[in-house]
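J.: Coordinates for the following, if possible.
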Amino acid sequence: MKNSAKLLTTIVCSITVTAGYGQTYPIVDTDVQDFYNNTAIISSPSSGQAFYGQDASYNGNQPSYTDNGDGTVTDNVTGLMWEQDMGVKIAYYDAFTKAATSTLGGHTDWRVPTIKELYSLAQFSGRCYGDNAMYKFIDTVYFNQPVGNTGIGEREIDAQTWSSTKYVGLTMGGDSTVFGYNFVDGRLKGYPMYQPPSFTVPMTMYFRMVRGATSYGINNFVDNGDGTITDNATGLMWQQADDGTTRDWENSLSYAENLSLAGHNDWRLPNAKELHSILDYTRCPDVTNSPAIDPLFFCTTFNDPSGAPGQYGYYWTSSPLMDGPSPYTDAVYIPFGEAQGEMESPPGSGSFVLMDTHGAGSQRNDPKTGIPANYPQYFGPQGDVLYVFNYTRAVRNAGTTSINEESTLKFNIYPNPVIDQLTIIGEVDYIQIYDVSGKLILEKNTLINKVIDVSKLESGYYIVHANKDDNKVVKKIIIQ
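T.: Here you go, the predicted model:
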């Protein structure tokens with residue numbers, strides 16, 4: 001064991017502790033560290049200043065991985081184990097065959113990930129184009145992420161990864177569609193299962209197997225009866241209904257930061273992965289006549305640009321999407337209604353039709369601001385609708401509470417990081433150690449200057465609760 005200074009800390013303060021260690025769906029942070037205005041990187045804004053409350057203003061469960069040395073990688077936040085190297089592109093149904101027959105790492109319970117599992121790996125510190133550089137939207141220290149094969153006419157961004165989540169509706173006017181994420185250009189879309197124009201040849205994409213944590217991505221919503229919804233699976237509390245107003249990105253950030261709802265004033269604009277967590281992929285407008293979200297929530301309806309009623313809003317997130325030669329102009333949104341685009345139909349007819357091109361529950365991006373009269377516009381090969389002025393749904397940490405500790409609680413852990421043993425020093429009644437999914441791993445009572453053997457615990461982050469009377473201190477430790 002490494003030597004470490006034995007510091008004894010007397011806690012005389014009010015500590016903010018995030019509760020909810022029973023979470024089965026912990027959201028991995030987006031890895032965004034930089035701050036942006038509408039066109040450039042800026043220095044960190046302070047509370048109350050323009051552009052405060054964006055992704056980098058808040059740090060959640062930071063990405064953390066373990067290379068298992070056997071072709072697998074463990075996500076220390078979610079508990080999911082992943083295939084490190086995807087290999088070549090394969091068809092959708094072949095992915096299931098591969099998973100069912102794989103013995104990678106000595107395991108036989110591999111599966112095709114859901115889109116929520118796959119999206120947990122996304123990192124929005126990525127950048128697609130500009131300065132002749134490409135920074136992928138996944139941690140390439142741990143994962144091998146190929147690009148499209150330009151030698152056979154593909155673009156580098158033709159590198160989509162399958163999920164197991166089929167769209168319950170149809171896209172492009174009638175295509176059977178599966179959701180996938182592109183770790184090269186940072187977008188989540190529905191992709192056709194069969195290649196145009198005949199739609200008889202299976203589409204091939206990359207595929208990364210996963211195993212473990214089978215409850216990941218399953219919500220546990222509670223209607224609080226006060227205009228808020230708590231998801232006990234993620235530990236997040238949500239604004240139940242948007243306010244029916246569309247805004248550009250800066251004003252959406254400001255609205256969320258200044259929202260006072262249900263006695264709480266610590267609301268914020270959710271990052272891309274937080275907002276994605278409340279999507280319900282069993283629902284979509286043309287099948288269930290509803291947005292892709294649990295019926296406990298309410299979404300504003302409006303007429304789409306063609307005049308058709310029953311469209312549901314695109315919702316801003318606090319996350320950037322860096323793309324193209326001017327990479328700082330766009331931010332991520334998620335459509336809970338159809339992800340529409342204007343496309344020529346039939347091809348070669350010269351007639352353009354507004355249609356669901358990517359599916360409710362996709363993730364695209366808009367310019368952060370513009371002149372309202374100039375929108376909507378249409379962009380890209382699928383004619384994506386650019387609204388720019390989108391809806392807002394605020395979020396906060398559901399279990400945030402203040403615990404006042406009046407000088408009597410003396411507590412410390414050393415060393416940290418821990419190798420085989422940790423020492424608890426302090427006048428505490430009992431210690432509880434949780435893993436990041438909220439599972440109670442170890443509990444010890446009546447601890448004073450005690451050594452705890454943690455050699456059998458897997459490497460990763462753990463949460464230690466030290467309790468005495470009505471006081472509590474929560475510390476994060478790393479076991480190596």
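J.: Would you map out the domains in the chain?
T.: When the chain is parsed into structural domains using automatic domain parsing, the resulting residue ranges are 10-19+402-479, 65-211, 218-397.
J.: List the contacts of the residue nearest in space to the middle of the chain.
T.: Residue closest to the average C-alpha location in the chain (C-alpha atoms, centre = their mean): Lys273, at 2.0 Å. The neighbourhood of Lys273, defined by C-beta atoms under 8 Å, 6 or more residues apart in numbering, consists of 27-30, 119-120, 122, 319. C-beta coordinates here come from the backbone N, C-alpha and C atoms, glycine included.
J.: Mean pLDDT lowest where, among the domains of the chain?
T.: Within these, confidence is poorest for domain 10-19+402-479, with a mean of 66 (mean pLDDT).
J.: Tell me which residues touch Thr74, please.
T.: Contacts of Thr74 were listed using C-beta under 8 Å, 6+ apart, and they are 65-66, 68, 80-82, 458, 460.
J.: ok, of the residues you listed, which one's closest to Ala394?
T.: Leu80 (28.1 Å; C-beta to C-beta).
J.: How much space separates that closest one from Ile479?
T.: From Leu80 across to Ile479, the span is 18 Å (C-beta to C-beta, to the nearest Å).
J.: rewinding a little: may I see the domains of the chain arranged in CSV, with distance to Asn38 as well?
T.: Written out in CSV, the entries for the domains of the chain read as follows (distance: least, C-beta to C-beta, whole Å):
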stretch, distance to Asn38
domain 10-19+402-479, 32
domain 65-211, 17
domain 218-397, 5
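J.: Indicate which one of the ones you listed is closest to Asn59.
T.: Each of those was scored for nearness to Asn59 using C-beta to C-beta, and the closest is domain 218-397 (10.3 Å).
J.: Are we agreed that the residue nearest to the centre of the chain is in a helix?
T.: Yes: when the secondary structure is assigned by DSSP: H, G, I helix; E, B strand; the rest coil, Lys273 falls within a helix.
J.: related to what we said a few turns ago, buried subset of the contacts of Thr74?
T.: Burial by neighbour count, judged by 16 or more other C-beta atoms under 10 Å, picks out 65-66, 80-82, 460 from the contacts of Thr74.
J.: Check the secondary structure at the residue nearest to Tyr65 when sequence neighbours are not counted for me.
T.: Using C-beta to C-beta, 6 or more residues apart in numbering and skipping the chain neighbours, the partner closest in space to Tyr65 is Tyr142 (4.4 Å). Using three-state DSSP, the three-state assignment for Tyr142 comes out as coil.
J.: check contacts around Tyr142.
T.: Taking C-beta under 8 Å, 6+ apart as the definition of contact, the neighbours of Tyr142 are 65, 67, 73, 84.
J.: Repeat the analysis, applying 7 Å as the threshold.
T.: Contacts were defined as C-beta atoms under 7 Å, 6 or more residues apart in numbering; by that measure Tyr142 touches 65, 67, 73.
J.: Mind checking which of the contacts of Lys273 are in strands?
T.: Among the contacts of Lys273, the subset assigned to strands under DSSP state E consists of Ser319.
J.: Run through the residues that contact Tyr255.
T.: Residues in contact with Tyr255 (C-beta under 7 Å, 6+ apart) are 247, 392.
J.: measure it to Asp243 for me?
T.: Separation of Tyr255 from Asp243 (C-beta to C-beta): 8 Å.
J.: Over to Glu250?
T.: Shown here: Glu250 relative to Asp243, a distance of 17 Å by C-beta to C-beta.
J.: what sits opposite Val332 in the beta ladder?
T.: Under the criterion DSSP bridges, Val332 forms beta bridges with Asn365.
J.: Was I right to think it contacts Pro367?
T.: No: in terms of C-beta atoms under 7 Å, Val332 does not count as a neighbour of Pro367; the distance is 12.0 Å.
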